[in-house]
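> I need the structure of the sequence given here:
(2 chains)
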Number of protein chains: 2
Amino acid sequence: MDQDPGFIAAVEEAKKGAAEGGVPIGAALVSKDGKILGRGHNMRAQNGSAILHAEMSALENSGRLPASAYEGATMYTTLSPCDMCTGACLLYKVNRVVIGENKNFMGGEDYLRARGKEVVVLDNEECKHLMEKFVKEKPELW
Amino acid sequence: MDQDPGFIAAVEEAKKGAAEGGVPIGAALVSKDGKILGRGHNMRAQNGSAILHAEMSALENSGRLPASAYEGATMYTTLSPCDMCTGACLLYKVNRVVIGENKNFMGGEDYLRARGKEVVVLDNEECKHLMEKFVKEKPELW
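Now for the predicted structure:
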């Protein structure tokens, strides 16, 4: 699953965030037939945004879609989703959440499972490295 | 609590949303010492936004604040919060969620309580009327 186009897009987004001096977390929303509906990265530092976490950016960049577009969809994210992003995945009824890593932050994985979602944690080295470097270099942003 | 400045602001925001032809839901985030940190309304129709529900707009319009600013805060909203907005209230650790009504939609109230938040439902007539009118007139937007 590390080679899924959605996960590759999420990691690319995390790197974009890092290159912009921001929080290096990326995400991509992929439809059940494998189309990337939207992708994005955390914009807290860049926009001063309180809500544009990576998953939220991916949802926002997907635009306003009919409910059917989210059916069977997967949210790929490089880091375990916080309560807000967990809730956003529930609101849009994505089917599955694929998570790069949860060592640097553990979010709402249990709640997603309790609400019937499939949760996959990849324990991906690149995602862990991106976050570890960021937390070390910019603790004030984390 | 119907006369709290935060609740009055939330209702004003819901009316602004209605006047703009959008979803008439408003919210205001109020600090523990009673200052309105931010207010906003649902921007789904106006911006084609998938994430700017009323509570999210209020959080975003509050700007990027230190964690201490949210301590003891109250989120006022005219309608019971969906899963995403419920999660956002949890992420920012607001203390209390005051809800205009939950007859037209019932969101994450139980989960907020389970996570230790105070939840107050006002069953406010004006909020109910705004939503009922909207659902009747613009079912395609709801």
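
> you'd agree A:Tyr92 is up against A:Tyr70?
Yes. When contacts are counted by CB atoms under 8 Å, A:Tyr92 is listed as touching A:Tyr70 (4.5 Å). All C-beta atoms are positioned from the backbone trio N, CA, C, and that covers glycine.

> pLDDT below threshold where in chain A?
Along chain A, no part satisfies pLDDT under 70.

> mind listing the helices for it?
A:5-19, A:44-47, A:54-61, A:83-91, A:109-114, A:125-137 (DSSP state H).

> which one of these lies closest to chain B?
Nearest to chain B among those is helix A:83-91 (2.5 Å), distances taken as CB to the nearest CB.

> for the closest one, which outside residues touch it?
For helix A:83-91, contacts defined as CB atoms under 8 Å, 6 or more residues apart in numbering or on different chains pick out A:27, A:51, A:53-56, A:59, A:75, A:77, A:81, A:97, A:107-108, A:111-112, A:115, A:117, B:51, B:82-88, B:90-91, B:108.

> any of these buried? List them.
A:27, A:51, A:53-56, A:59, A:75, A:77, A:81, A:97, A:107-108, A:111-112, A:117, B:51, B:82-88, B:90-91, B:108 (16 or more other CB atoms under 10 Å in any protein chain shown).

> so what does A:Asp33 have for phi and psi?
When read as degrees, to the nearest 10, the backbone of A:Asp33 gives phi -100, psi 20.

> what sits against it?
By CB under 8 Å, 6+ apart, A:Asp33 has no neighbours at all.

> and if you look at A:Glu13?
With CB under 8 Å, 6+ apart, A:Glu13 has these contacts: A:Gly26, A:Ala27, A:Ala28, A:Arg39, A:Gly40, A:His41, A:Ala54, A:Ser57, A:Ala58, A:Thr78.

> next step: those restricted to strands.
If you go by DSSP state E, the contacts of A:Glu13 have A:Gly26, A:Ala27, A:Ala28, A:Arg39, A:Gly40, A:His41, A:Thr78 in strands.
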